[in-house]
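S.K.: Quick one, fold the following:
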Amino acid sequence: MQAYILITCNSGSETRIISEFKELPEVTEINGVWGKHDIFLKAVTYDHQGIDNIIKILRNHPDVTDTYTMHVLYGRGGNIDQGDNS
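M.R.: Coordinates of the predicted model:
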């Protein structure tokens, strides 16, 4: 399973949250972003339960105010850099 998660957090806590969450083994990418949300996180797990666990961790963080999760549909795109269309 792969998911993209947009995180909204308390102002000024972005750097600390990124530092904490990048240590999670399921997190393959995490960046601060401008716009409605503050942080972009990409997570990869073996099943839906793993993604659910990541979301629970995120939502239980005292400085996280909102999350928006987008599950990746396999077979509809791929890594452009590698030319993977699977």
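
S.K.: Could you list every helix and strand that the longest helix along the chain packs against?
M.R.: Longest helix in the chain, counting residues (DSSP state H): helix 48-60. The contact analysis (3 or more Cβ pairs under 8 Å, 6 or more residues apart in numbering; DSSP states H and E) places helix 48-60 against strand 2-9, strand 39-44, strand 64-71. C-beta coordinates here come from the backbone N, C-alpha and C atoms, glycine included.

S.K.: Export the ones you listed to CSV and append columns for mean pLDDT and mean neighbour count.
M.R.: Formatted as CSV, the helices and strands packed on helix 48-60 follow (pLDDT from 0 to 100; neighbours: other Cβ atoms under 10 Å):
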stretch, mean pLDDT, mean neighbour count
strand 2-9, 97, 19
strand 39-44, 97, 20
strand 64-71, 96, 14
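
S.K.: buried sites along the longest helix of the chain?
M.R.: Buried positions in helix 48-60, judged by neighbour count with 16 or more other Cβ atoms under 10 Å: 50-51, 54, 58.

S.K.: Report the contact partners of the residue nearest in space to the middle of the chain.
M.R.: Central residue of the chain (Cα atoms, centre = their mean): residue 41, 2.5 Å from the mean position. Neighbouring residues of residue 41 by Cβ atoms under 8 Å, 6 or more residues apart in numbering: 4-7, 21, 27, 29-30, 58.
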